[in-house]
Structure formats: structure tokens, C-alpha cells
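# Give me a 3D structure for the following:
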Amino acid sequence: MTKQGYVYILFNKRNGTLYTGVTSDLIKRIYEHKNKLADGFTKKYSVDKLGYYEVTDNIESAIMREKQLKAGRRINKLKLIESINPEWKDLYYNITGLPRSN
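Modelled structure (predicted):
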């Protein structure tokens, strides 16, 4: 049995800085970004709101999709977010059921 993969786009504010990543455990990975548990781009620029994600059959297909998104234009990433999340809400709270902070 293969694990599902996830490709996701984080943002810091509407039309702000974007980050595209891949994981096999979406909730855990977004938690790590939100709590700044790893040094790097998302910690430095406070990119910690889940704007978009896709589920794939396996991690290999998620990695391929991530490469495709990263090679694409920024406008296409913005369109993806807007297609499922026009209000730019942090979807982390939708997938965890946790109450929103703000």
C-alpha cells in the first residue's frame, strides 16, 4: 500500500509571498510551518497559511506535480489558490477542524 502525496501552496498574506511544497503528511507538515520548526524560507518570510493543496495517489506523483508548479508562472499559482479559495482563508483549519486563530 502506497502513501498518498500532497502538494501544497502556502502564503503569508493575500497576493503575498508564496511557497510550494510536497509531503506525505499534510497536517503535520503545515503544523511544522506554522510553528516555525524548521529553518528556511517559510520561517524567514512567515509563510504559514495553507492556500491550496492537491492529493495524489503517491508521493512520486506529488513530487512531479510540485516540480510542474514550481516551474510555472506565479500567476498560475495565484489562479490555483483563487480557484478553490477565493477569500484566501487558511485552509489548515478546514483540514484539521481546529478553531481559527486571529
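
# from here on, contacts and neighbour counts on C-alpha atoms
Fine.

# Return the list of helices and strands in contact with the lengthiest helix in the chain.
In the chain, with assignment by DSSP state H, the single longest helix is helix 59-71. For helix 59-71, the packing partners by 3 or more Cα pairs under 8 Å, 6 or more residues apart in numbering; DSSP states H and E come out as strand 5-11, strand 18-23.

# Please identify the deepest-packed of those strands.
strand 5-11 (a mean of 24; mean count of other Cα atoms under 10 Å).

# JSON lines for the helices and strands packed on helix 59-71, including mean pLDDT and distance to Gln68?
Supplementary listing: these in JSON lines, determined by pLDDT from 0 to 100; distance: least, Cα to Cα, whole Å:
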{"stretch": "strand 5-11", "mean pLDDT": "98", "distance to Gln68": "11"}
{"stretch": "strand 18-23", "mean pLDDT": "98", "distance to Gln68": "10"}
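
# okay if I get those strands as CSV plus distance to Met64?
Written out in CSV, the entries for these read as follows (distance: least, Cα to Cα, whole Å):
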stretch, distance to Met64
strand 5-11, 9
strand 18-23, 10
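
# what residues does the longest helix of the chain touch?
3-7, 20-24, 55-56, 77 (Cα atoms under 8 Å, 6 or more residues apart in numbering).

# let's see it at 7 Å
Under the criterion Cα atoms under 7 Å, 6 or more residues apart in numbering, residues Lys3, Gln4, Gly5, Tyr6, Val7, Thr20, Gly21, Val22, Ser24, Thr56 lie in contact with helix 59-71.

# Pretty sure the last one sits against Lys3.
No: contact between Thr56 and Lys3 fails when scored by Cα atoms under 7 Å: they sit 9.1 Å apart.

# Which of the two has more residues huddled nearby?
Using other Cα atoms under 10 Å as the criterion, Thr56 and Lys3 rank with Thr56 on top: 17 against 12.

# for the nearest residue to the more buried one once chain neighbours are set aside, what are its contacts?
For Thr56, ignoring the flanking residues on the chain, the nearest one in space by Cα to Cα, 6 or more residues apart in numbering is Gly5 at 5.0 Å. With contact set as Cα under 7 Å, 6+ apart, Gly5 has these partners: Thr23, Ser24, Val55, Thr56, Asp57, Asn58, Ile59, Ala62.
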